[in-house]
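Trainee: Have a look at this prediction, sequence included:
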Amino acid sequence: METIQRRRAGRPRIRPTSPEQRLARAAANRGEPTLEFTEQTPYDAYVRASTLHSLQRPLSRDPGEMSFLVVSQIMELYFGLTCFELCQARLRLRADDVWGALAPLRRAGLHLEGLTAAWSGLRWMTPADFNQFRNLLGEGSGFQSAMYRQLEFLLGLKSAPLVRPFRRQPEVYAELVETLREPSLWDEVIALLARRGHPIPAEVRERDFSVEAEPSPEVTAAWVEIYADAGPDNHLRLLGEALVVIADRFDEWRYQHLRAVRRTMGEKVGTGGSAGAAWLRRSMAREVFPELWAARTEM
């Protein structure tokens, strides 16, 4: 996952300015915005808006397809942004910096909120609307989103067979395999708890990270103990709450996905060959950070 981040960190062609230069420019402009530039606008050089707006290429003449395509692309950007934040948090946890991990985790929670809100842009879509262009999608399906799969793996929802669709994309495949095999965010949380003195068995800490972990009673007990201390300096409790927000909002996105599928295609089979809504229901049964939820029963 860090490979993706390094590749995307290309330096934009922008000349830095100082506060003094900005004040001088504002004075020269008499408070009006600058209208003349020797090259492309600095905004476009940084955001690359012209590139973003060139990426919408609908397959049909149906105007509704544009909404479907843009919302899908927005979700892809949110997947990548959330993965970026979770990787930042994972690095901080590896370094025993719980306080430092809270900021990227909180940002990730807000990004997941924005991701879920994107579904509202497709509420207008009925089966008749979707059928205007659905056949043109062929076997294309959100199931094939590599960045969504990265997000699942980072959250601990590991499944080796799910990297198989990407074998013909060597770089994407290698990055997915890397994330599959390395400790997830949750694995790093468990390792942190062990370093902080909680009795986590070796078989929980030292295992095949490419396999989804079974819930651990010892990890649940650790969280019960952590939550018993309501003091302001209990950073582990704050960590637990930040993780609960992420799990809760990820579940909300999955639920809204199911609702959108039922609204636009009922119980039909999925475009990518799955059972559609039935597949999504089974996927939702895989819980993120299960011991945090189990601890709530024990408190």
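Mentor: The structure has been received and is ready for your questions.
Trainee: What helix or strand is residue 78 located in?
Mentor: Secondary structure from DSSP states H and E places residue 78 in helix 64-94.
Trainee: Could you pull out the buried residues of that helix?
Mentor: For helix 64-94, burial by neighbour count (16 or more other Cβ atoms under 10 Å) applies to 64-65, 67-71, 75-76, 78-90, 92-93. Quick note: C-beta positions are derived from backbone N, CA and C, even for glycine.
Trainee: Please name the residues that touch the nearest residue to residue 294 once chain neighbours are set aside.
Mentor: Distances taken as Cβ to Cβ, 6 or more residues apart in numbering place residue 220 nearest to residue 294, at 4.5 Å, with adjacent residues excluded. Going by Cβ atoms under 8 Å, 6 or more residues apart in numbering, residue 220 touches 291, 294, 295, 298.
Trainee: Let me know the pLDDT of residue 220.
Mentor: Looking at residue 220, its pLDDT reads 97.
Trainee: which secondary structure elements does the one helix or strand residue 248 maps to contact?
Mentor: Residue 248 is part of helix 235-265, with elements assigned from DSSP H and E. Under the contact definition 3 or more Cβ pairs under 8 Å, 6 or more residues apart in numbering; DSSP states H and E, helix 235-265 sits against helix 98-117, helix 127-130, helix 146-155, helix 185-195, helix 217-227, helix 277-284, helix 290-298.
Trainee: Tell me which residues are up against the shortest one.
Mentor: Right, helix 127-130. Contacts of helix 127-130 (Cβ under 8 Å, 6+ apart): 62, 64, 68, 264, 265, 266.
Trainee: do you know how far the residue nearest to residue 294 is from residue 287?
Mentor: Relative to residue 287, residue 220 is positioned 13 Å away (Cβ to Cβ, to the nearest Å).
Trainee: ok, now residue 121?
Mentor: Using Cβ to Cβ, residue 121 is found at 28 Å from residue 287.
Trainee: hey, which helix or strand in this structure has the poorest pLDDT?
Mentor: Among the helical and strand segments of the chain, the one scoring lowest on mean pLDDT, DSSP states H and E is helix 2-8, with a mean of 55.
Trainee: Give me the contacts around the next helix or strand after that one.
Mentor: Tracing the chain C-terminally past helix 2-8 and defining elements by DSSP H and E, one meets helix 19-28 next. Contacts of helix 19-28 with the rest of the structure, by Cβ under 8 Å, 6+ apart, involve 17, 34.
Trainee: Dump the C-alpha coordinates for helix 19-28 into CSV.
Mentor: This file holds the C-alpha atoms of helix 19-28, laid out as CSV (Å, rounded to 0.1, in the frame of the first residue of the first chain):
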residue,chain,number,x,y,z
PRO,A,19,2.9,35.4,3.4
GLU,A,20,4.7,38.6,2.4
GLN,A,21,4.4,37.7,-1.3
ARG,A,22,0.6,37.0,-0.9
LEU,A,23,0.1,40.3,0.8
ALA,A,24,2.0,42.1,-2.0
ARG,A,25,0.0,40.4,-4.6
ALA,A,26,-3.3,41.3,-2.9
ALA,A,27,-2.2,44.9,-2.7
ALA,A,28,-1.1,45.0,-6.4
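Trainee: Please compute how far that helix lies from its chain's middle.
Mentor: 39 Å (Cα atoms, centre = their mean, to the nearest Å).
Trainee: For the helix holding residue 248, list every residue counted as buried.
Mentor: For helix 235-265, by 16+ other Cβ under 10 Å, it's 235-240, 242-247, 249-250, 253-254, 256-258, 260-261, 263-265.
Trainee: what angle do that helix and helix 217-227 make?
Mentor: 120 degrees (axes from the mean of the first three to the mean of the last three Cα atoms, to 10 degrees).
Trainee: Could you tell me the average pLDDT over helix 235-265, please?
Mentor: On average, the pLDDT along helix 235-265 is 95.
Trainee: Next: stretch 138-153.
Mentor: Mean predicted lDDT for stretch 138-153 stands at 91.
Trainee: Pull out the CA atoms of that stretch and give them to me as CSV.
Mentor: This file holds the C-alpha atoms of stretch 138-153, laid out as CSV (Å, rounded to 0.1, in the frame of the first residue of the first chain):
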residue,chain,number,x,y,z
GLY,A,138,-20.5,-6.2,-19.5
GLU,A,139,-18.9,-8.0,-16.5
GLY,A,140,-17.8,-4.7,-14.9
SER,A,141,-18.6,-4.6,-11.3
GLY,A,142,-17.7,-2.8,-8.1
PHE,A,143,-16.6,-6.2,-6.8
GLN,A,144,-13.5,-5.7,-9.0
SER,A,145,-12.4,-2.5,-7.3
ALA,A,146,-8.7,-3.1,-6.2
MET,A,147,-8.8,-0.1,-3.9
TYR,A,148,-11.9,-1.3,-2.1
ARG,A,149,-10.1,-4.6,-1.7
GLN,A,150,-7.1,-2.7,-0.2
LEU,A,151,-9.5,-1.1,2.3
GLU,A,152,-11.0,-4.5,3.3
PHE,A,153,-7.5,-6.0,3.8
